[in-house]
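Novice: pasting a predicted model and its sequence here:
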Amino acid sequence: MQTNFSPAQLADPDTAESAKILRACVHCGFCTATCPTYVELGDELDSPRGRIYLIKDMLENDRPADAETVKHIDRCLSCLACMTTCPSGVNYMHLVDHARHHIEATYRRPWPDRAMRALLGAVLPRPGLFRLALRGARLGRMLTRTVPAALIPAQLRTLLELAPERVPARSRVDEPKVYRAQGRRVRRVALLTGCAQQVLAPAVNEATVRLLTRHGCEVVVARGSGCCGALTHHLGRDAHGYARDNILAWTREINGRGLDAIVINASGCGTTVKDYGFMFRDDPELAGPARLVSERTRDISELMSELGLRTPVRETGQRVAYHSACSLQHGQRVTKAPKRLLAAAGFSVVDIPEGHLCCGSAGTYNMLQPEIAGRLRERKVANIEKMAPDLVAAGNIGCINQIAQGLQASGKVAPGSVASGSRVPVVHTVELLDWATGGPKPAALA
């Protein structure tokens with residue numbers, strides 16, 4: 001694609017990078033076949049190729065974003081399926097991130113949208129505040145039952161529907177601590193405990209620590225580490241503060257007793273942490289440490305594949321439909337490791353039809369674009385039910401909640417499911433690996 005950026009524009013590192021990305025695009029359109037919004041809506045402007053034209057026009061002409069451009073960029077899930085498909089290596093992720101930051105700087109959204117985005121950006125990265133908000137959502141649901149549905153904004157209604165009925169108790173695992181390896185130590189790793197996941201599903205971090213220590217890893221929850229910044233970053237806001245805290249916390253450990261890896265068990269976080277090197281590429285202080293952090297970051301399935309799964313201590317045998325989160329299969333290109341580990345743990349693993357298409361969660365997307373997210377969720381659930389699984393496994397908390405809600409809404413039961421008469425449970429892959437090698441049975445299966 002031909003570009004016409006001025007020398008002054010190209011002096012800006014983000015614009016220079018976007019210009020390079022734009023020039024790599026050859027207009028082939030392969031990306032349209034795997035783009036969830038194009039598949040659902042059929043609008044060229046809701047495809048990666050269409051959005052690339054909108055972004056090029058906006059950036060090249062150095063103009064503020066307009067409502068039409070914002071509408072179509074907001075509809076992008078950042079699932080990155082287009083990057084898996086693209087034969088030219090177009091880094092759409094960095095391009096759309098730049099576009100979102102430009103929109104945030106130059107476009108004034110309607111006040112309800114501004115309020116919702118400000119709320120999500122303030123609450124979700126802070127576990128304490130998020131826990132309080134979820135408890136408040138229970139009261140909100142009770143109040144909305146007395147108000148006609150048509151009077152409640154779709155985003156607010158979705159926000160309340162997504163909140164769980166019960167908020168799990170806080171886990172001590174998420175506090176700064178060092179967990180000793182069982183037996184001979186083979187690795188020393190840091191675990192990112194995250195933000196939303198430790199509130200919604202603290203059992204995932206607990207299972208991760210048990211699994212890693214059982215396999216000879218000393219696990220460090222580093223003081224000062226926390227939210228990776230992904231949720232804020234994808235809202236078009238500056239997430240460098242969150243990233244900086246993590247980089248400094250892990251660099252202290254690397255320079256101290258050392259770290260062989262930084263382990264992530266929420267794939268959306270993993271994609272962002274692996275991109276810290278790019279985010280800080282021009283930072284004179286943190287460019288090197290950020291690059292080192294990115295290089296040492298592993299999804300839990302990657303690290304467990306390197307370690308090798310111990311022989312299972314119990315017979316499992318359930319039929320597992322594996323949902324490959326977009327951030328894992330497209331963002332990190334990790335596709336085979338989780339399925340191989342589940343098979344090694346004794347599960348019968350089946351792929352879900354149209355597995356390349358997003359479930360509609362995508363960070364805050366299901367709260368900001370509830371209609372499209374709902375359509376994608378229904379499509380995903382229908383494809384899962386075709387496989388008649390006993391349970392569903394996934395490596396990202398957003399996908400787990402999104403799919404579980406969809407299966408609950410469908411009310412259907414998989415033939416021969418582990419809990420006959422109940423809906424198909426959705427669990428994190430690490431919980432199943434932990435259970436198979438000696439850990440407790442996941443609560444969703446009880």
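Specialist: Here it is on my side, so go on.
Novice: any weak-confidence spans in the protein?
Specialist: The chain contains residues with pLDDT under 70 at 141-153, 410-422.
Novice: test my guess that residue 126 contacts residue 195.
Specialist: Yes. Using CB atoms under 8 Å, residue 126 is in contact with residue 195, at 6.9 Å. To be clear about C-beta, it is placed using only N, CA and C from the backbone, and glycine gets the same treatment.
Novice: and the two? Which one has more around it.
Specialist: Taking other CB atoms under 10 Å, residue 126 and residue 195 do not tie; residue 195 has more neighbours (25 against 16).
Novice: is it true that that one touches residue 229?
Specialist: No. Counting by CB under 8 Å, residue 195 stays clear of residue 229, with 9.5 Å between them.
Novice: joint contacts of those two?
Specialist: residue 125 (CB atoms under 8 Å, 6 or more residues apart in numbering).
Novice: what do residue 126 and residue 195 both touch?
Specialist: With CB under 8 Å, 6+ apart as the test, residue 126 and residue 195 both reach residue 227.
Novice: what about the strands in the stretch 51-200 of the chain?
Specialist: Applying DSSP state E, counting those that start in this stretch to the stretch 51-200 of the chain gives strands spanning 177-179, 187-191.
Novice: what are the buried residues along stretch 266-286?
Specialist: Across stretch 266-286, burial judged by 16 or more other CB atoms under 10 Å covers 266-280, 286.
Novice: what does stretch 57-70 give?
Specialist: Judged by neighbour count (16+ other CB under 10 Å), stretch 57-70 contains these buried residues: 58, 59, 60, 65, 69, 70.
Novice: can you classify the most centrally placed residue in the chain by secondary structure?
Specialist: What sits nearest the mean C-alpha location of the chain, by CA atoms, centre = their mean, is residue 268, with 2.4 Å. Under DSSP: H, G, I helix; E, B strand; the rest coil, residue 268 falls in the helix class.
Novice: distance-wise, check it relative to residue 96.
Specialist: Residue 268 sits 15 Å away from residue 96, going by CB to CB, to the nearest Å.
Novice: cool, residue 34 as well?
Specialist: Distance from residue 34 to residue 96, by CB to CB: 15 Å.
Novice: can you check residue 260 too?
Specialist: 33 Å.
Novice: compare the two and say which is more crowded by neighbours.
Specialist: Using other CB under 10 Å, the more surrounded residue of residue 260 and residue 96 is residue 96, with 23 against 17.
Novice: pretty sure the more buried one contacts residue 54?
Specialist: No. At 10.3 Å, residue 96 does not count as touching residue 54 under the criterion of CB under 8 Å.
Novice: find residues that contact each of these two.
Specialist: Residues touching both residue 96 and residue 54 (CB under 8 Å, 6+ apart): residue 73.
Novice: and residue 348, its phi and psi?
Specialist: The phi and psi torsions at residue 348 (degrees, to the nearest 10) take the values phi -90, psi 110.
Novice: apologies, that question was intended for residue 264.
Specialist: Dihedral pair for residue 264: phi -120, psi 130, per degrees, to the nearest 10.
Novice: likewise for residue 426?
Specialist: Per degrees, to the nearest 10, the backbone of residue 426 is at phi -120, psi 120.
Novice: burial count for it?
Specialist: Per other CB under 10 Å, the neighbour tally for residue 426 reads 24.
Novice: among the buried residues of stretch 266-286, which two are most distant?
Specialist: Pairwise distances across the buried residues of stretch 266-286 peak at 23.9 Å for 267 and 286 (criterion: CB to CB).
Novice: quick one: residue 391 and residue 317 touch, right?
Specialist: No. The pair residue 391 / residue 317 is not scored as a contact, 11.5 Å apart, by CB under 8 Å.
Novice: okay, those two: which has more neighbours?
Specialist: Shown here are residue 391 and residue 317; by other CB under 10 Å, residue 391 has more neighbours (21 against 11).
Novice: domains for this protein, by residue range?
Specialist: If you go by automatic domain parsing, the domain ranges for the chain are 7-106, 111-162, 172-305, 312-445.
Novice: can you put the ones you listed in a markdown table and add distance to residue 1?
Specialist: Below are the domains of the chain laid out as a markdown table (distance: least, CB to CB, whole Å):
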| stretch | distance to residue 1 |
| --- | --- |
| domain 7-106 | 5 |
| domain 111-162 | 30 |
| domain 172-305 | 21 |
| domain 312-445 | 22 |
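Novice: is the nearest residue to residue 192 once chain neighbours are set aside bridged to anything, and to what?
Specialist: Take residue 192 and drop its neighbours on the chain: the residue closest to it by CB to CB, 6 or more residues apart in numbering is residue 264, 5.2 Å away. For residue 264, the beta-bridge partners under DSSP bridges are residue 299.
Novice: touching, residue 264 and residue 300? I think so.
Specialist: Yes. Assessed by CB under 8 Å, residue 264 is found in contact with residue 300 at 6.9 Å.
Novice: how near is residue 67 to residue 113?
Specialist: According to CB to CB, residue 67 and residue 113 sit 11 Å apart.
Novice: in stretch 71-87, what counts as buried?
Specialist: Quick answer for stretch 71-87 (16+ other CB under 10 Å): 72-86.
Novice: return the subset of those lying in helices.
Specialist: 72, 73, 74, 81, 82, 83, 84, 85 (DSSP state H).
Novice: surely residue 404 is in contact with residue 426?
Specialist: Yes. Counting by CB under 8 Å, residue 404 touches residue 426, with 4.2 Å between them.
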